[in-house]
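**Q** structure for this input, please:
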Amino acid sequence: MSGSRKIYLGTNTKMYKNIRQTVDFVTRLETLTKDIPRDGLELFVIPSYTTLAAARKSVPETDILIGAQNMCWEDQGQFTGEISPLMLEEVGVNLVMIGHSERRHVFRENDAEENRKVLAALKHGFVPLLCVGETGEEKEYGIAEEVIRTQLKVGFRGVPAEQAGKVMVAYEPVWAIGVNGKPASEDYAEKIHALIHRTLAEQFGREQGEKIPVLYGGSVNDGNAEKLIVMPHIDGLFIGRSAWDADHFNSIIRKVMPLFFQKSGTEGD
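**A** I've put the predicted structure just below:
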């Protein structure tokens, strides 16, 4: 059972939504969720680079964390097309998504690169959200657990145990992501989340490992959000296109929050 007493809910808008659309989205989301106490909810949005400054200025970070979809591990240098941590600091970013399946499989990033980004994010005071997950082929070969353990062990290599409470993990099975993705069953998702929690406990010690929230992402929608959030080791949901409409996202938030707190035996105000 995870030690989390806060539910983590967020979305990554990928290469969608321009500046105006993003500002409209986050301001509407903030208005709709303003009444929900943030001591029990961590709400975050990860929009495209060009929208970050406007998004951050449009809503208070106490209500919605704003994250970047990627980041270079170096502060500056000859890295044409990359974005420095210093640049993200300048616009007030709170967290950085690292190792999304599209970064790994479309842009060929490897575990060692993700590790350098995790360490750079922590150095600059960002929360690294490390994404892990197996491909359909790896699942078919029966090596999903080895793949995920490797992604975690390498991705968090060199992170001190005392900083474990400053990182997050999203389990995103590659075969479940995107327009044609098929969501994992709640039982399969729970099995992998339990594995992730065990691996984090091995890596950081049980007490520190339990501080790391592990979110499920992969075709989360109205039909499966409630079934997923009641699983013992799922600490939140990383939602795709189902959350890209603020009213729809708000609806999902209000459906899953009571179930989460019933599961964890804590009161959500």
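**Q** separation between residue 146 and residue 257?
**A** To residue 257, residue 146 is 34 Å away according to CB to CB, to the nearest Å. Placement of C-beta: from N, CA and C, glycine included.
**Q** okay, the two: which has more neighbours?
**A** Using other CB atoms under 10 Å as the criterion, residue 146 and residue 257 rank with residue 257 on top: 17 against 12.
**Q** mind checking which helix or strand the more buried one is in?
**A** Remark: residue 257 resides in helix 246-264, with elements defined by DSSP states H and E.
**Q** the stretch 151-269 of the chain: helices as residue ranges?
**A** Secondary structure of the stretch 151-269 of the chain (DSSP state H, counting those that start in this stretch): helices at 186-204, 206-209, 225-229, 246-264.
**Q** residues touching the last one, excluding its own?
**A** Okay, so that is helix 246-264. Residues from elsewhere that reach helix 246-264 (CB atoms under 8 Å, 6 or more residues apart in numbering): 4-5, 7, 9, 11, 25-26, 28-29, 32-33, 36, 40-41, 43, 220, 222, 225-226, 229-230, 232, 236-237, 239, 242-243, 267-268.
**Q** now with 6 Å, please.
**A** The contact list for helix 246-264 (CB atoms under 6 Å, 6 or more residues apart in numbering) reads 7, 9, 25, 28-29, 32-33, 225-226, 229-230, 243, 268.
**Q** again, but for stretch 164-184
**A** Under the contact criterion CB under 6 Å, 6+ apart, stretch 164-184 has outside partners 101, 127-133, 135-136, 192, 204, 208, 211-219, 224, 238.
**Q** ok, 7 Å please
**A** Here stretch 164-184 makes contact (CB atoms under 7 Å, 6 or more residues apart in numbering) with 8, 101, 105, 122, 127-136, 139, 156, 159, 192-193, 196, 204, 208-209, 211-220, 224, 238.
**Q** tell me the buried residues within those residues.
**A** Neighbour-count burial (16 or more other CB atoms under 10 Å) is assigned, among those, to 8, 101, 122, 127-135, 139, 156, 159, 192-193, 196, 204, 208-209, 211-220, 224, 238.
**Q** filter those down to the ones in strands?
**A** Secondary structure from DSSP state E places 8, 127, 128, 129, 130, 131, 132, 214, 215, 216, 238 of the buried ones among the contacts of stretch 164-184 in strands.
**Q** quick check: the fourth one touching residue 99?
**A** No: under the criterion of CB atoms under 7 Å, residue 129 is not in contact with residue 99, lying 8.8 Å apart.
**Q** and the gap between the closest residue to residue 110 other than its chain neighbours and residue 125?
**A** In space, and not counting its chain neighbours, residue 110 is closest to residue 104: 7.6 Å by CB to CB, 6 or more residues apart in numbering. Going from residue 104 to residue 125 by CB to CB gives 25 Å.
**Q** other SSEs contacting the one helix or strand the residue nearest to residue 110 maps to?
**A** Residue 104 belongs to helix 101-105 when assigned by DSSP H and E. Applying 3 or more CB pairs under 7 Å, 6 or more residues apart in numbering; DSSP states H and E, one finds that helix 101-105 makes contact with no other helix or strand.
**Q** which residues are in contact with that helix?
**A** Helix 101-105 is touched from outside by 70, 109, 131, 133, 172, 174, 177, with contacts defined as CB under 7 Å, 6+ apart.
**Q** please redo it, this time with the cut-off set to 10 Å
**A** Residues outside helix 101-105 that contact it (CB atoms under 10 Å, 6 or more residues apart in numbering) are 12, 14-15, 69-70, 97, 109-111, 113-114, 117, 131-135, 151, 170, 172-178, 217-218.
**Q** that one - what's its average pLDDT?
**A** For helix 101-105, the mean pLDDT works out to 92.
**Q** please state the offset of that helix from the chain centre?
**A** On the basis of CA atoms, centre = their mean, to the nearest Å, helix 101-105 sits 14 Å off its chain's mean C-alpha point.
**Q** residue with max distance from the center of this structure?
**A** Farthest-out residue of the chain from its mean C-alpha position, per CA atoms, centre = their mean: residue 78, at 29.0 Å.
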